[in-house]
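Student: predicted model, plus sequence, below.
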Amino acid sequence: MKSPKLILIILFLMVEAFWSSRAGLVWAIENKSRVVSPYWQSDSGSYSFIAVSHSSLSTIASQVGLVINAIQSDLSAFGTAITFTISGGSTERIFIVRTNNTVINSTSISSARFIVGTTNFKHGHIRIEPVATNPSTAVGTNNGRRDVTMLNFWGAVIIETNTTGFAMEFIGDMHDSSATPGMDDTATVSGIN
């Protein structure tokens, strides 16, 4: 009778040890300082476009550094992540394209930024992180924060043959939704800190 109980206890401890070592992975990305988009794609007939705008609000620093990663569905990087600083009142354009795209490339659009990867069909999610180690700390003369969640993001997946496509959603940016005052206390709230 003691053997089955002992086996169950050992199995429980093994499962607990396995899951507890991975529990930290759930908290690897803080939603208070990161922006994500659940889908992008690129292949021989499509690419993804993202625009980032700095709205110059009084609570945001005049310059915000950010890193944009295009993560494939297998969790590997699609091309090299791009890092840049955006200044108040400006908009930056980012393209996620295949290698050797003859129309959308750094020669034809020299003012844009590019994440370039394979010509095969790839898709995944976008992760946008701050360069600042503590984006919620106020800096500069206007006491603004270097917080990527205070920037505006919008984008689309473009199908090249007929220049159609669909919009990309960005979670955690300036336009993210939040709970209304009429919702009960258990409703989660997201958006600007």
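Tutor: Done, it's in. Numbering: from 1, shown residues only.

Student: all strands for this protein, in order.
Tutor: In the chain, the segments counted as strands under DSSP state E are 35-42, 46-53, 63-72, 82-87, 91-98, 113-117, 122-130, 138-139, 144-145, 152-159, 164-168.

Student: my read: Val139 touches Arg145, true?
Tutor: Yes - checked against C-beta atoms under 8 Å, the pair Val139 and Arg145 is within contact range at 7.2 Å. To be clear about C-beta, it is placed using only N, CA and C from the backbone, and glycine gets the same treatment.

Student: of those two, who's got more company?
Tutor: Arg145 (24 against 15; other C-beta atoms under 10 Å).

Student: identify the contacts common to Val139 and Arg145.
Tutor: Ala61 (C-beta atoms under 8 Å, 6 or more residues apart in numbering).

Student: state the distance from Thr163 to Ile115.
Tutor: 21 Å (C-beta to C-beta, to the nearest Å).

Student: more crowded one of these two?
Tutor: Taking other C-beta under 10 Å, Thr163 and Ile115 do not tie; Ile115 has more neighbours (23 against 7).

Student: pretty sure that one contacts Ala70?
Tutor: Yes - counting by C-beta under 8 Å, Ile115 does reach Ala70; the two are 4.9 Å apart.

Student: who touches both of these two?
Tutor: Phe78, Gly79, Ala81, Ile96.

Student: of the residues you listed, just the buried ones, PyMOL syntax please.
Tutor: In PyMOL, selecting the buried portion of the shared contacts of Ile115 and Ala70, with burial taken from 16 or more other C-beta atoms under 10 Å, looks like this:
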select buried, resi 78+79+96
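
Student: what ranges of the protein fall below the confidence cut-off?
Tutor: 1-32, 176-193 (pLDDT under 70).

Student: may I have stretch 60-74 exported as PDB, CA atoms only?
Tutor: Extracted as PDB, the C-alpha positions of stretch 60-74 are listed here (Å, rounded to 0.1, in the frame of the first residue of the first chain):
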ATOM      1  CA  ILE A  60       7.500  60.800 -23.000                       C
ATOM      2  CA  ALA A  61      11.200  61.600 -23.400                       C
ATOM      3  CA  SER A  62      12.200  63.600 -26.500                       C
ATOM      4  CA  GLN A  63      14.100  60.500 -27.800                       C
ATOM      5  CA  VAL A  64      13.300  56.900 -27.200                       C
ATOM      6  CA  GLY A  65      15.500  54.000 -28.100                       C
ATOM      7  CA  LEU A  66      13.900  50.700 -29.200                       C
ATOM      8  CA  VAL A  67      14.800  47.200 -30.500                       C
ATOM      9  CA  ILE A  68      12.600  45.400 -32.900                       C
ATOM     10  CA  ASN A  69      12.800  41.700 -33.300                       C
ATOM     11  CA  ALA A  70      11.000  39.600 -35.900                       C
ATOM     12  CA  ILE A  71      10.700  36.200 -34.200                       C
ATOM     13  CA  GLN A  72       9.800  33.200 -36.400                       C
ATOM     14  CA  SER A  73       7.200  30.600 -35.400                       C
ATOM     15  CA  ASP A  74      10.000  28.300 -34.400                       C
END
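
Student: perfect, that will be all.
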